[in-house]
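Trainee: build me a model from this:
(one chain, ligands or ions: 1)
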Amino acid sequence: MEAIGIDIGGTSFKIGLVDGKGKLLDSFSYPVDHLKNQEDQINELGEKINDFLQKKEIGKSEIIGIGIGCPGSIDSSTGFCDYSNNLKWSHLNVCGILARITSIKCRISNDANVACLGEVKFGVARKYKNVVMLTLGTGIGSGIVIDGKLYEGNQGKGAECGHEVIKMNGRKCTCGRRGCFEAYASATALIKDTKAKMRKHKDSLMWDYVKQDIESVGGKTAFECAKKGDKAAIEVRDRYCFYLAEGILNICSIFRPECIILGGGVSNQKEYLLNNLVPLLEKANYGFGLGPKVEILIAELGNQAGMIGAASLLF
Ligand SMILES: [Zn+2]
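Mentor: Numbers count the residues shown, from 1 in each chain. Predicted structure coming up:
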């Protein structure tokens, strides 16, 4: 049995055919047409899926369903995208329209939720049932799996670990509160902190790394220069890991998951990130003395996570 997994992004839609073992058998993508109204964007998506199945000579009865991972505020119980800032969608009946055009049953969830489910069913957390995943990107997305099932909260509005407050009256967050985890430990925050440090340290290696153009600073600038021993970069790295650890420790206290998976751009630092992060967690006794150790893992599904995770809503 196969399912279709759709990764809805701000600039493109990726559509994959995924088998019951989480293997991506085939896929295609196309750019979002922002000139079309929101309903027509979904109509077009449905027609492209129909064309794809016809071209591949796959009968609709062979497809167990369509899973969708979508950024923004999703109501998985109704199949609506209630609001998506990236896509400028509001109150959009994604599942309803798609099911009508394709005659295939559809399920939708938040993109961070499906990424987590994908890693639990088919990725790095296959042997675990209680898992939290953090996606360290523009913001901090999160997914929570409890006893092997996705926990989405009432109307799919829960599992927003990025908005736990780690500093009272701290930095302003896009959600309206102050001091949220993502205002300190997202890639956006890391880039902001890197730039601030560079402005204070004109002799930092980070300036050479970005060829003197501060607008070229990315999530890896500080990490890469810290590896070369640059003092200012090391301070940025250590501060970032400190914030990340604070947020993770809160999650450990609430859920005591078997593992926490880190995904998103910053997680590309892999072992280097873990080597700098895990000692901070251990120092706070997150895994010793009080309870079972929480493993910190790096996501492994990569670019395919969106499609495989979305399809895993059906398996
Ligand atoms: Zn917030």
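Trainee: over to residue 93: give its phi and psi.
Mentor: Per-residue torsions, residue 93: phi -80, psi 70 (degrees, to the nearest 10).
Trainee: touching, it and residue 82? I think so.
Mentor: No. Counting by C-beta atoms under 8 Å, residue 93 does not reach residue 82; the two are 10.5 Å apart. Where C-beta positions appear, they are placed from N, C-alpha and C, glycine not excepted.
Trainee: and the ion, is the helix of greatest length in the chain touching that?
Mentor: When the chain is parsed with DSSP state H, its longest helix is helix 231-255. No. Judged by C-beta under 5 Å from the ion, helix 231-255 stays clear of the ion, getting no closer than 11.6 Å.
Trainee: mind listing what the helix or strand following that helix pairs with, with the direction of each?
Mentor: Scanning forward in sequence from helix 231-255 by DSSP states H and E, the next helix or strand is strand 259-263. Strand 259-263 pairs in its sheet with strand 131-136 (parallel), strand 295-298 (parallel), by DSSP bridges.
Trainee: quick one: contacts of the host helix or strand of residue 107?
Mentor: Assigning secondary structure by DSSP H and E places residue 107 in strand 106-110. Contacts of strand 106-110 with the rest of the structure, by C-beta atoms under 8 Å, 6 or more residues apart in numbering, involve 65-74, 76, 79, 81, 94-95, 98-99, 117, 141, 143, 150, 152, 156, 159, 310, 313-314.
Trainee: which ones among the residues you listed also lie next to the ion?
Mentor: Filtering the contacts of strand 106-110 for proximity to the ion by C-beta under 5 Å from the ion leaves nothing.
Trainee: before we move on, the earlier item: among the strands paired with strand 259-263, which is nearest the ion?
Mentor: Among the strands paired with strand 259-263, strand 131-136 comes nearest to the ion, with 14.1 Å by C-beta to the ion.
Trainee: just want the angle from that closest one to helix 231-255.
Mentor: 150 degrees (axes from the mean of the first three to the mean of the last three C-alpha atoms, to 10 degrees).
Trainee: put the alpha carbons of strand 131-136 into PDB.
Mentor: Provided in PDB are the C-alpha atoms of strand 131-136 (Å, rounded to 0.1, in the frame of the first residue of the first chain):
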ATOM      1  CA  VAL A 131       9.500  11.700  21.300                       C
ATOM      2  CA  VAL A 132       9.700  15.400  20.900                       C
ATOM      3  CA  MET A 133      11.200  17.000  17.800                       C
ATOM      4  CA  LEU A 134      12.400  20.600  17.500                       C
ATOM      5  CA  THR A 135      12.900  22.100  14.100                       C
ATOM      6  CA  LEU A 136      15.500  24.900  14.400                       C
END
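Trainee: quick one: strands adjacent to the following helix or strand past that strand?
Mentor: Per DSSP H and E, the first helix or strand lying C-terminal to strand 131-136 is strand 140-146. Counting by DSSP bridges, the strands paired with strand 140-146 are strand 131-136 (antiparallel), strand 149-151 (antiparallel).
Trainee: list of residues touching the first one?
Mentor: This means strand 131-136. So strand 131-136 is contacted by 112, 115-116, 119-120, 125, 140-145, 161-162, 185-187, 244, 247-248, 251, 255, 257-267, 299 (C-beta under 8 Å, 6+ apart).
Trainee: can you check stretch 209-220 too?
Mentor: Counting by C-beta under 8 Å, 6+ apart, residues outside stretch 209-220 touching it are 187, 190-191, 194-195, 198-199, 206, 221, 224-225, 265-266, 268-269.
Trainee: tell me where the stretch 51-200 of the chain has helices.
Mentor: Applying DSSP state H, counting those that start in this stretch to the stretch 51-200 of the chain gives helices spanning 94-102, 111-122, 182-185, 187-200.
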